[in-house]
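J.: With the sequence up front, the predicted model follows.
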Amino acid sequence: MELVIDLRYTIPPLLNFILFMFLTSKNQPLAATFFIDESFSILKFAFLVASILLILLFLFFSVEFPVTPHPISLRARGFSVALLVSLVVSIFLPPSLFWVSFLFIIVTLPWHNQLFLLFIFLFRYFARSLRSIPTIFIYITQNYEERDPFPPPQVVELQPETDAIEV
């Protein structure tokens, strides 16, 4: 039985460690020191370009180091969502939160296909339950009593009275 270790999963801890050691200051969070700092040096820019290239390279290619006596292999494995998530987490989270999430990703790695299918099932169930809610249309109308700006003239009927004059 061939037992191998995928070395591309060593990149997120190293990236998190380097970001923590070299790019953080005591008063500002990581993103603020990296992007908002007044002195954007060439060293920071080179590190950013190198990390982006490593991310792109290791998302598709796998370097497998054998534990049992077999040759080291470099092959294209396809896109790894777990590695992408762990790389994003290593950039944006501090080390204490990164290690918890990274260990969770590594421990659940054998079940990612089943978890993904379960997520799709739950998402479809949620969409179906939203569609089953009946649609209720409520129409609100207002009746305005229109008043004439010029009311009709009042008709006064005058009855001619004949008063008899008596002499």
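T.: Sure thing, it's come through. Numbering: from 1, shown residues only.
J.: make it CA atoms for all contacts and neighbour counts henceforth
T.: Noted.
J.: Which parts of the protein are helices?
T.: 11-22, 30-35, 42-60, 81-92, 95-107, 112-132 (DSSP state H).
J.: List the buried residues in the first one.
T.: The neighbour-count check on helix 11-22 (16 or more other C-alpha atoms under 10 Å) flags 11, 12, 13, 15, 16, 17, 19, 20 as buried.
J.: ok, now how distant is the third one from residue 94?
T.: For residue 13, the distance to residue 94 equals 11 Å [C-alpha to C-alpha, to the nearest Å].
J.: quick one, longest strand in this protein?
T.: strand 61-66 (DSSP state E).
J.: Counting neighbours, what do you get for residue 51?
T.: 16 (other C-alpha atoms under 10 Å).
J.: swap that for residue 75, sorry
T.: 11.
J.: Next, the contact list for it, please.
T.: Residue 75 sits next to 61, 62, 63 when contact means C-alpha atoms under 8 Å, 6 or more residues apart in numbering.
J.: Show me which helix or strand of this protein is least confident by mean pLDDT.
T.: Ranked by mean pLDDT, DSSP states H and E, the weakest helix or strand in the chain is helix 30-35, scoring a mean of 53.
J.: Before I go, just wanted to say thanks for your time.
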